[in-house]
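> Could you work out the structure for the sequence below:
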Amino acid sequence: YATDLYRGDWEESPYDFPENPKKYAPFNYREEGLTAVRMEGTRLEFPDETFDFVFSFSSIEHFGGDRHVGALRSVKEMERVLKKGGIAAIATEYVINGKDHNEFFNKQSLYADLVDHLQMKLIEPLNLELNPRTLANVLDFYSAVHWTDRDLEYKNSHPHIVIRSRNLLHTSIILVFKK
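Numbering: from 1, shown residues only. All right, here's what the predicted structure looks like:
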């Protein structure tokens with residue numbers, strides 16, 4: 001199942017995707033294996049303990065609310081629909097220089113506003129350290145349209161990409177939980 005609001009306001013979630021996912025597929029796939037549905041990420045319309053595996057890529061941080069309330073609500077919904085022993089893989093934005101942000105997590109808010117409120121547990125402790133070489137090559141978000149071939153080569157050769165957005169330095173992390 002692929003869930004999103006599919007309102008057409010993001011390039012990644014066009015309005016007609018649920019009716020015609022094949023139109024957007026860059027490769028052939030088993031069409032009967034995909035069901036796309038319009039659904040709120042904070043109110044999943046599936047019974048408890050339905051899935052062995054759930055994943056979310058860079059969306060929970062956009063569900064709103066002060067102190068990441070929407071993000072927590074969405075992860076608790078994933079936890080609810082996950083079978084006992086199931087795995088949840090959740091990618092989100094992570095502020096590496098500790099600044100507070102309404103949507104993105106830093107080390108303190110990641111635990112205080114999300115991880116510590118869940119019954120499912122991280123499969124292993126998070127390693128939030130970054131390679132000094134990665135930190136020496138920060139890409140500026142606001143000049144992203146002018147990224148050079150060198151920037152793209154860097155992006156494809158390092159495990160992390162760090163982006164500067166004004167006073168924030170951020171990257172993506174993946175949290176892997178087991179219920």
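> Nearest residue to the middle of this protein?
Centroid check for the chain by Cα atoms, centre = their mean gives Ser58 as the closest residue, at 2.4 Å.
> phi, psi of the residue nearest to that residue when sequence neighbours are not counted?
The shortest distance from Ser58 to any non-neighbouring residue, by Cβ to Cβ, 6 or more residues apart in numbering, is to Ala91 (5.3 Å). Every C-beta, even on glycine, is put in place using the N, C-alpha and C of the backbone. For Ala91, the backbone dihedrals (degrees, to the nearest 10) come out as phi -90, psi 140.
> Double-check Ala91 against Ser172; I have them as touching.
Yes: using Cβ atoms under 8 Å, Ala91 is in contact with Ser172, at 5.5 Å.
> between those two, what contacts are shared?
With contacts defined as Cβ atoms under 8 Å, 6 or more residues apart in numbering, the residues shared by Ala91 and Ser172 are Ser58.
> before we move on, the earlier item: confidence score at the residue nearest to the centre of the chain?
pLDDT recorded at Ser58 is 89.
> And for the one 10 residues further on?
At His68 the predicted local distance difference test score is 95.
> Equivalent analysis for the one 5 residues further on, please.
Per-residue pLDDT puts Arg73 at 97.
> ok but it is inside a strand, no?
No: secondary structure of Arg73 (DSSP: H, G, I helix; E, B strand; the rest coil): helix, not part of a strand.
> Bridge partners for the nearest residue in space to His101 that is not next to it in sequence, pull those for me.
Leaving aside its sequence neighbours, His101 sits nearest to Val95 (Cβ to Cβ, 6+ apart; 5.5 Å). Beta-bridge partners recorded for Val95 (DSSP bridges): His170.
> is it true that Val95 touches Leu168?
Yes: using Cβ under 8 Å, Val95 is in contact with Leu168, at 5.4 Å.
> what touches both of the two?
By Cβ under 8 Å, 6+ apart, the residues touching both Val95 and Leu168 are His101, Phe104.
> Phe55 versus the residue nearest to His101, what's the distance?
Separation of Val95 from Phe55 (Cβ to Cβ, to the nearest Å): 22 Å.
> do Phe105 as well
From Phe105 to Phe55 the distance is 17 Å (Cβ to Cβ).
> Nothing else from me, thank you.
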